[in-house]
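S.K.: Next comes the sequence, and after it the predicted model I'd like to discuss.
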Amino acid sequence: SLLCPRFYYLCPKPLPKISYCLSKPSERQIVVGICAMTKKSKSKPMTQILERLCKFDYIDMVIFPEEVILEEPVEKWPLCDCLISFHSKGFPLDKAVEYAKLRNPLLINDLNMQYFIQDRREVYRILQEEGIDLPRYAVLNRDPDNPEECNLVEGEDQVEVNGEVFHKPFVEKPVCAEDHNVYIYYPTSAGGGSQRLFRKIGSRSSVYSPESSVRKTGSYIYEEFMPTDGTDVKVYTVGPDYAHAEARKSPALDGKVERDSEGKEIRYPVMLTAMEKLVARKVCLAFKQTVCGFDLLRANGHSFVCDVNGFSFVKNSMKYYDDCAKVLGNMVMRELAPQLHIPWSIPMEAEDIPIVPTTSGTMMELRCVIAIIRHGDRTPKQKMKMEVRHPLFFELFEKYGGYKTGKLKLKKPKQLQEVLDIARLLLVELGQHTDCEIEEKKSKLEQLKTVLEMYGHFSGINRKVQLTYLRNGKPKASSEEEDSKKDGPSLLLVLKWGGELTPAGRVQAEELGRAFRCMYPGGQGDYAGFPGCGLLRLHSTYRHDLKIYASDEGRVQMTAAAFAKGLLALEGELTPILVQMVKSANMNGLLDSDSDSLTDCQQKVKARLHEIMQKDQDFTEEDYQKLAPTGSPSLVNSMKVIENPVKTCDKVYALIQSLTSQIRKRLEDPKSADLQLYHSETLELMLQRWSKLERDFRMKNGRYDISKIPDIYDCIKYDLQHNASLDLEDTRELFRLSRALADIVIPQEYGINRAEKLDIAQAYCVPLMKKIQLDLQRTHEDEAVNKLHPLYSRGVMSPGRHVRTRLYFTSESHVHSLLSIFRYGGLLNVCSGFEEKDQQWKQAMDYLSAVTELNYMTQIVIMLYEDNNKDPSSEERFHVELHFSPGVKGCEDEETIPLGFGFRPASSENEDKKPNQGSLEDLSQDEPDQALQISDPINIQRRSPMIRNRKTGSMEVPDCQSSLCSGLFSASALGVSCSAPNLRDYVRTHHRHHHPKPPLSPAVCRARLFSMPAVKRFSVSYARHPTNVYDRLYCILCPAGFEGCSMVPSIYPLETLHNSLSLKQVDEFLNSVCESNSEVQAKTMKGVKHKSAKNTGQMSSVV
């Protein structure tokens, strides 16, 4: 017989059976009926599957017309032996149940269970009874006539339902499964508000709302929010033994639906673990739905079912259509063929063998990327101390359990509101008093009130109040604290504010995230319009194991969220991204540090630093030896600028006085009294900021408080960048001098000599070093790793490739400490003095010594590659690279800015082997859009130190308009930025001026590109998003209109410190650093607790 479709539609009037086959077997046929709404029965997936079912010789298909289903009694419905029927909007499920009772056909999906599927309460009950993991939940049933009478207690950051407490973030789902208006509520610490999910409308599936209160009418399920790293898994069963799974971007992330060129939502098949396959079997059997779709959340190493949808097909997968028809056809034949005496035997199916792709050629495969990144541009950190004795403060202290530890930290909006209420009340009481002491307190209270009232709301991440119990009151310790004559207990109130991420900081982080893509295979490819293997597809297809960690500071967490937004091409607010993508890493000091507890070494270093900086004479040769024993050029240059530290501090103090005087005059001018500065700051707040520094910097004994130098530099750097429109006099001189002082004080606070630097660094970041060591271990291909299913992944050229990315966002202290460990810990000294012989490392150390500042967005990047052609036990199997960027450009980076040697230059060791250093991935085998088709190994010579364009700080590009260059500079899917190669030296000779030139041929352009070092083809561009190549790279320095007057400085590209380390070498180094720290800790514990030496072995646990 002819292999063509053999199914037909039944019309209301009796018609002869319509067949599309010229001949068919004479035996009795099994009739399979499709009873569903027309939109479903005529859908593409249904049509594809029915066409395949018709290939079974003994199966005929009949589709019930919608008008028959809706209008005719079930007695007039066509007869069938097997019924595929399922509920959707408008479908009369009651009639289908009645028909099944009347005709008793074989049911593919049980009809009575479909009533339960329409009620989320019943779905969760059944899941629970079957022992299937689901999020912790509680049901709130409301009487529609009395919605107020319910067991719901709503707090600021939590709800209590029937006695069960759910802290934000939590999920609120209507009990009716047909209602897709699911809300996710976020905590105030992440910005508050809610994400409102709905059935897809065009390109949106959710929208962010500032509303933080739960709905007051209707019945809902409240459940714990599960952090899934921004991806959902949809599972489709066909019987208990078959399940197809697809990953898609979570609708809760930014609400934008990623679609392909045909307008279909982008989804990628993934492999289920053995446990997930068991869950799919349980769901299929428990709900008695052969064809069944359900949602899986993969979170914290477990899989949770959060929704069961009933009958559902995969949208676009020929392999699934084949499998589904085969499973359904065999199921129907197995059940009905014996009853109808049809000769049929169960076919033997060959077991699917997983395809494990191998890398081709001699290229290495990227296995792991680890980055430690400092937060972005922030407002100046500020602090005010005051001693309080009023009973209201003691009541507040007791209310929140302050007496348990003697300390209390208040960050939540409700808590801050209580402090503000007390301040307002006391100011009213003090309004009629004229006592000087009270007036002094009044000014403190007014500042407390002003700061807490800033922005008109509490975000919970940029202000906090600390209260410390003082048994006998506090003696005066600095100029900012008033004399205390009273005895008895008091509370020290410390108000901290500022230090929040600025809009410029968000832009920096987001742009760096976009640029970061270029380090991954195919990072320069287009996402949605092109079937390449770029970072975005790598992530969407579960081949990217991404984890983002951040310290508990708001600016750090928001930087991490903005970076993730750029990295993964997300849209919308940062709050949903922060909640779902960023993990709080306050675990044994991984990224946070207790600033109140300095080590003995730190205290000694600070004391020595203060002593040297208090000398009223020019630096002597002895001072140079004391202050810069490592001979760092950046330190030596700063000391030369300063000459006499006290005289320089005098100048800085005079300049601050001049600055505050100028601001006061501006305030007296009616025209500028209400002037709005950057980020909603006022002139009055700016004056308070500088006046406080003026008071604190010069103490009453005439000496200078050196610890205030970083704050002074912080403030003038901020004002020069963001408030330059004020045009205040001598600000550049203040910046120059404070920067020179800060370039000494800041890095030397982390140790003056090598031993001190290592000691302090280990105190900060040994937990992080241990975590990095774990991250570098190879990602084994086992059940614990989420992978693509290779047999379904057409268009994905390497389904087995798996890249682990770990991003750690932290503050300056951890970045300084980590760099100190790499510099002074003996990374290349593990094998008997190799450090002195390695020329690349020596040059890298010279470069780092010349770097003056680890600015915002400083990056330390470690990349692990695997060479699959090497023996697994060989040291050459795994290859580690270490890269570094000092972050954003300073306000006035001088001509003497240190120059590195680029990103991934050829090392002397590799020159002899002559590999392709342009890319250690064979991208040509994996990417149809690869602009540079690499075939033969290229001989790359060591390049001279890099020449930068000092005016713009951006990457420069060749004067080339060919298709080759357009491939290099292809924009991302959102059209916002590109990861452009770095072609700076080329530009020196070919693009000094912006005059148009004839375009080069692709061959010439290729030859010139390949004559350059590899660094030039694979570096990072931090450009914005203009339309042509030149504008794209020159406009970032000052995008107009951004909050009026602020510019967004560009970020220095990554410089390679070393690119030929072995994994064994790095592992031994990390071991030695961590072990030496353990020995130091053991000695310290023994000395401090000599009476209980038996406890010295109880060290802190490894993260």
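M.R.: Sure, I can see it.

S.K.: When you work out contacts or count neighbours from here on, use the C-alpha atoms and nothing else.
M.R.: Will do.

S.K.: Burial check on Asp94, number of neighbours?
M.R.: Other residues near Asp94 come to 12 when the count uses other C-alpha atoms under 10 Å.

S.K.: repeat for the one 4 residues further on
M.R.: Taking other C-alpha under 10 Å as the criterion, the count of residues near Glu98 is 15.

S.K.: Show me the helices in the stretch 751-900 of the chain, by range?
M.R.: For the stretch 751-900 of the chain, applying DSSP state H, counting those that start in this stretch gives helices covering 754-775, 812-824, 834-837, 839-850.

S.K.: The stretch 551-700 of the chain too?
M.R.: 554-567, 574-581, 600-613, 621-627, 633-642, 645-668, 683-697.

S.K.: Mean neighbour count and mean pLDDT for the helices of the stretch 751-900 of the chain - can I get that in CSV?
M.R.: Output for the helices of the stretch 751-900 of the chain, formatted as CSV (neighbours: other C-alpha atoms under 10 Å; pLDDT from 0 to 100):
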stretch, mean neighbour count, mean pLDDT
helix 754-775, 20, 90
helix 812-824, 21, 93
helix 834-837, 13, 63
helix 839-850, 18, 90
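
S.K.: okay if I get those helices as TSV plus distance to Asn330?
M.R.: Output for the helices of the stretch 751-900 of the chain, formatted as TSV (distance: least, C-alpha to C-alpha, whole Å):
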stretch	distance to Asn330
helix 754-775	47
helix 812-824	61
helix 834-837	68
helix 839-850	65
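
S.K.: What residues sit buried inside stretch 294-308?
M.R.: By neighbour count on 16 or more other C-alpha atoms under 10 Å, the buried set for stretch 294-308 is Phe294, Asp295, Leu296, Leu297, Arg298, Ser303, Phe304, Val305, Cys306, Asp307, Val308.

S.K.: mind exporting the helix or strand containing Val68 as CSV, just the C-alpha atoms?
M.R.: Using DSSP states H and E, Val68 falls within helix 66-71. Coordinates of each C-alpha in helix 66-71 appear next as CSV, following Å, rounded to 0.1, in the frame of the first residue of the first chain:
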residue,chain,number,x,y,z
GLU,A,66,-15.8,20.8,16.9
GLU,A,67,-19.5,21.5,16.0
VAL,A,68,-20.3,17.8,16.6
ILE,A,69,-18.6,17.9,20.0
LEU,A,70,-20.3,21.1,21.0
GLU,A,71,-23.8,20.7,19.5
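
S.K.: In its sheet, which strands sit next to the following helix or strand past that helix, and in what direction?
M.R.: Per DSSP H and E, the first helix or strand lying C-terminal to helix 66-71 is strand 82-85. When pairing is defined by DSSP bridges, strand 82-85 lines up against strand 30-35 (parallel), strand 106-107 (parallel).

S.K.: quick check: mean pLDDT across the longest one?
M.R.: Throughout strand 30-35, pLDDT has a mean value of 95.

S.K.: how far is that strand from where the chain is centred?
M.R.: Once both centres are worked out by C-alpha atoms, centre = their mean, to the nearest Å, strand 30-35 turns out to sit 50 Å from its chain's centre.

S.K.: just the last one next, same as before
M.R.: When distances are taken as C-alpha atoms, centre = their mean, strand 106-107 is centred 48 Å away from the chain's centroid.

S.K.: which SS class is Thr1056?
M.R.: strand (DSSP: H, G, I helix; E, B strand; the rest coil).

S.K.: Please apply the same query to Ala96.
M.R.: Classification of Ala96 by three-state DSSP places it in helix.

S.K.: In terms of secondary structure, what does the strand or helix carrying Ala325 contact?
M.R.: Taking DSSP H and E as the criterion, Ala325 maps to helix 318-336. Of the remaining helices and strands, those touching helix 318-336 by 3 or more C-alpha pairs under 8 Å, 6 or more residues apart in numbering; DSSP states H and E are helix 44-53, strand 231-238.

S.K.: swap the cut-off to 7 Å and go again
M.R.: Counting contacts by 3 or more C-alpha pairs under 7 Å, 6 or more residues apart in numbering; DSSP states H and E, helix 318-336 is packed against helix 44-53.

S.K.: The helix or strand just after the helix it packs on relative to helix 318-336, how many degrees between them?
M.R.: Using DSSP H and E, the next helix or strand after helix 44-53 towards the C-terminus is strand 59-63. Here strand 59-63 runs at an angle of 110 degrees relative to helix 318-336 (axes from the mean of the first three to the mean of the last three C-alpha atoms, to 10 degrees).

S.K.: if I look at the closest residue to Leu546 other than its chain neighbours, how far off is Leu1054?
M.R.: In space, and not counting its chain neighbours, Leu546 is closest to Thr805: 4.8 Å by C-alpha to C-alpha, 6 or more residues apart in numbering. Going from Thr805 to Leu1054 by C-alpha to C-alpha, to the nearest Å gives 17 Å.

S.K.: just Asp421 next, same as before
M.R.: 49 Å.

S.K.: Mind checking which of these two has more residues around it?
M.R.: Leu1054 (25 against 14).

S.K.: What's the separation between the nearest residue to Pro576 once chain neighbours are set aside and Pro174?
M.R.: Take Pro576 and drop its neighbours on the chain: the residue closest to it by C-alpha to C-alpha, 6+ apart is Leu253, 5.7 Å away. Remark: distance between Leu253 and Pro174 (C-alpha to C-alpha) = 20 Å.
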